[in-house]
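Student: Have a look at this fold, sequence not included:
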């Protein structure tokens with residue numbers, strides 16, 4: 001059985017903010033980070049057999065207290081989570097990951113829920129979804 005290695009790093013811009021992250025793949029919890037006060041590496045091997053897959057990064061724990069706004073309405077400090085160094089089988093796929101991710105959030109309860117693009121940094125509680133299929137090299141050829 002052939003396997004695929006998927007890895008990336010999650011990090012927070014504010015180690016005092018109690019933001020949490022979970023990483024799910026095909027509805028199986030693979031990583032739980034109860035507080036992102038230091039970078040967390042995700043590294044997972046899975047079967048390269050034919051199939052559809054979804055990787056989800058679930059962020060929670062951020063409140064309005066974690067965003068500081070000045071008198072003009074400009075954000076001067078904000079707790080965010082970054083997903084970076086995305087690699088599949090030793091191939092840097094960071095740009096493809098960003099292009100294919102959907103970021104669902106509701107601005108931490110202040111607005112209706114939206115499906116948004118993901119640019120590598122998440123500033124709200126929500127779910128970042130990445131759908132792909134295996135065999136992975138076929139999917140990569142079709143999507144790069």
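Tutor: Thanks, I have it. The structure displayed is predicted, hence computed values, not measured ones.
Student: who's in contact with the most centrally placed residue in the chain?
Tutor: Taking CA atoms, centre = their mean, the centroid of the chain lies closest to residue 57, which sits 4.3 Å from it. Going by CB atoms under 8 Å, 6 or more residues apart in numbering, residue 57 touches 10, 21-23, 83, 122, 127-128. For glycine as for every other residue, the C-beta is placed from the backbone atoms N, C-alpha and C.
Student: Dump those residues to TSV, plus secondary structure.
Tutor: Below are these laid out as TSV (DSSP: H, G, I helix; E, B strand; the rest coil):
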residue	secondary structure
10	strand
21	strand
22	strand
23	strand
83	strand
122	strand
127	strand
128	strand
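Student: So for the residue nearest to the centre of the chain, what pLDDT did the model give?
Tutor: Predicted confidence (pLDDT) for residue 57: 98.
Student: Just grab the bridge partners of it for me.
Tutor: residue 23, residue 128 (DSSP bridges).
Student: and if you look at residue 41?
Tutor: With DSSP bridges as the rule, residue 41 is bridged to residue 9.
Student: wait, it sits on residue 11?
Tutor: No - between residue 41 and residue 11 there is no contact under CB atoms under 8 Å: 9.8 Å.
Student: neighbour-wise, which of those two wins?
Tutor: residue 11 (19 against 11; other CB atoms under 10 Å).
Student: That one: what's it in contact with?
Tutor: 36, 38-40, 81-82, 84.
Student: For the strand or helix carrying it, which residues meet the burial criterion?
Tutor: Counting by DSSP states H and E, the element that carries residue 11 is strand 3-12. Residues of strand 3-12 classed as buried: 4, 6, 8, 10-12 (neighbour count, 16 or more other CB atoms under 10 Å).
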